[in-house]
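A.B. asks: After the sequence you'll find the predicted model.
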Amino acid sequence: MLQTKELPEIPKIETERLILRKITTDDVNDIFEYASVPDVTTFVLWETHRAKQDSLDFVKFAEEQFDNNISIIFGIEIKNEKKLIGTIDLRNWKAIHKCGEVGYVVSKKYWNKGYVSEAMKAVIKFGFKELHLNRIEAHCEEENIGSWRVMEKCRMKFEGILREKVFIKGRFRTMKMYSILKKEWKEL
């Protein structure tokens, strides 16, 4: 199975409207623009960015995650705007099980425009074709309707409720779990 250390760098993936690519220090202003908005960070594990240094630290974190074979964090850039609007990552894959997990965050200005679904379909394809995964899963908070709708649009199947699975921002959160298997996947 392909591991990130076999990839010389984070690949660039193009879709109809997006470029998924490595994030760099040049993206700090765009990252801060969305990561400093409390509505955007309500359902993520990390805290709202309070200073651009938080966004710079995230860029360094993304690089370390890739270098240490933990995850591939792609920046989501709108082609015609040349603007980073969020990130999508493939993480927690296990070579022996050929399983991975996808997660994402996007600027509120770009919600409900199909960008996350478009990015997710591209990352699912990358996971199955390039990393040779058999299963890709995703979790979201039960209350995060927009997120589980993205999963359903990408033909992921609802597998169940994980009661009080994670402790985020001072309280336990119940998660919904979705997945798609390689044999169920067709070019989305």
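C.D. replies: Looks like it came in fine.
A.B. asks: pLDDT wise, what is Val44 at?
C.D. replies: Val44 is assigned a predicted lDDT (pLDDT) of 87.
A.B. asks: excluding its backbone neighbours, what's nearest it?
C.D. replies: Leaving aside its sequence neighbours, Val44 sits nearest to Val105 (Cβ to Cβ, 6 or more residues apart in numbering; 5.6 Å). Bear in mind the C-beta positions are built from the backbone N, C-alpha and C, glycine included.
A.B. asks: any idea which element the one you found lies in?
C.D. replies: strand 99-106 (DSSP states H and E).
A.B. asks: Ala138 too?
C.D. replies: Per DSSP H and E, the secondary structure element for Ala138 is strand 135-141.
A.B. asks: Quick one: distance of that strand to the chain centre.
C.D. replies: In terms of Cα atoms, centre = their mean, to the nearest Å, the centre of strand 135-141 is set 10 Å apart from its chain centre.
A.B. asks: Run through the neighbouring helices and strands of it.
C.D. replies: strand 99-106, helix 115-129, helix 145-153, strand 157-168, strand 171-181 (3 or more Cβ pairs under 8 Å, 6 or more residues apart in numbering; DSSP states H and E).
A.B. asks: One more pass at 7 Å, please.
C.D. replies: Contact partners of strand 135-141 among helices and strands, from 3 or more Cβ pairs under 7 Å, 6 or more residues apart in numbering; DSSP states H and E: strand 99-106, helix 145-153, strand 171-181.
A.B. asks: how close does the residue nearest to Val44 sit to Arg17?
C.D. replies: Taking Cβ to Cβ, to the nearest Å as the measure, Val105 falls 18 Å from Arg17.
A.B. asks: Same question for His49.
C.D. replies: His49 is 25 Å from Arg17, by Cβ to Cβ.
A.B. asks: what stretches of the protein score poorly on pLDDT?
C.D. replies: Low-confidence segments of the chain (pLDDT under 70): 1-6, 187-188.
A.B. asks: between Val105 and Arg17, which one's more packed in?
C.D. replies: Val105 (20 against 15; other Cβ atoms under 10 Å).
A.B. asks: so how far is the helix or strand hosting Gln65 off the chain centroid?
C.D. replies: For Gln65, the host element (DSSP H and E) is helix 52-67. A distance of 15 Å separates the centroid of the chain from that of helix 52-67, by Cα atoms, centre = their mean.
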